[in-house]
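[1] just a sequence and a predicted model for now, questions to come.
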Amino acid sequence: MNRFDFLKSLGFTGAALLAAMTSCIREEDTMVDALTIPGAQTAPPSSPVSNTTATSSAVDLSKITNRLLTIDLNSTTALKTVGGYISRSGIVVAQVSAGVYIAVTQTCSHEPRKNIIFNKTEFYCTVHGARFDLIGKGKNSFGSRGLSVYKTATDGLTLVVYS
């Protein structure tokens, strides 16, 4: 029985289940499979992910001077699959589609708490449910102030998050 099934067997549902799933995060737990909500729609292939300019692979990584994070993609298993994410140094980095990475601040704009995670198609605050799209724009009233989005660049082996 995995953690998700165990918590559901205890009666956790909805926001309480998501909060319990993400409350104890260790480096090896930084990839959380999105919860499937019956009747919910998933993002179509023509979603904003394909139009994002957050990841740039044409940049010479050695010339980036204002780095916030440098990530070795070979040693970071959570970023090897689409939907995977990590939280480091106050930044959430997610692979939103094959080879496309988006980085946002981990601090929610609704209340200054570092509880932003990536949930397959959006960024989500586990404290009060603020939701944000892939460009940082709020999707509900709690997320109305949006999130700061950082630039990313990769050569396939290394990912650099910069401002």
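    Noted; the coordinates are in hand.
[2] quick one, phi/psi of the one residue sitting closest to the centre of the chain?
    Compute the mean C-alpha point of the chain, and by C-alpha atoms, centre = their mean the closest residue is Phe118, 2.8 Å away. Note on Phe118: backbone dihedrals following degrees, to the nearest 10 are phi -110, psi 130.
[3] next up, the contacts around the residue nearest to Arg145 when sequence neighbours are not counted.
    Nearest in space to Arg145, with sequence neighbours left out and distances taken as C-beta to C-beta, 6 or more residues apart in numbering, is Ser109 at 3.8 Å. Quick note: C-beta positions are derived from backbone N, CA and C, even for glycine. With contacts taken as C-beta atoms under 8 Å, 6 or more residues apart in numbering, Ser109 has the following neighbours: 130, 138, 143, 145-147.
[4] tell me the bridge partners for the residue nearest to the centre of the chain.
    On DSSP bridges, the residues paired with Phe118 through beta bridges are Phe123.
[5] how close does it sit to Gln106?
    The spacing between Phe118 and Gln106, counted by C-beta to C-beta, to the nearest Å, is 10 Å.
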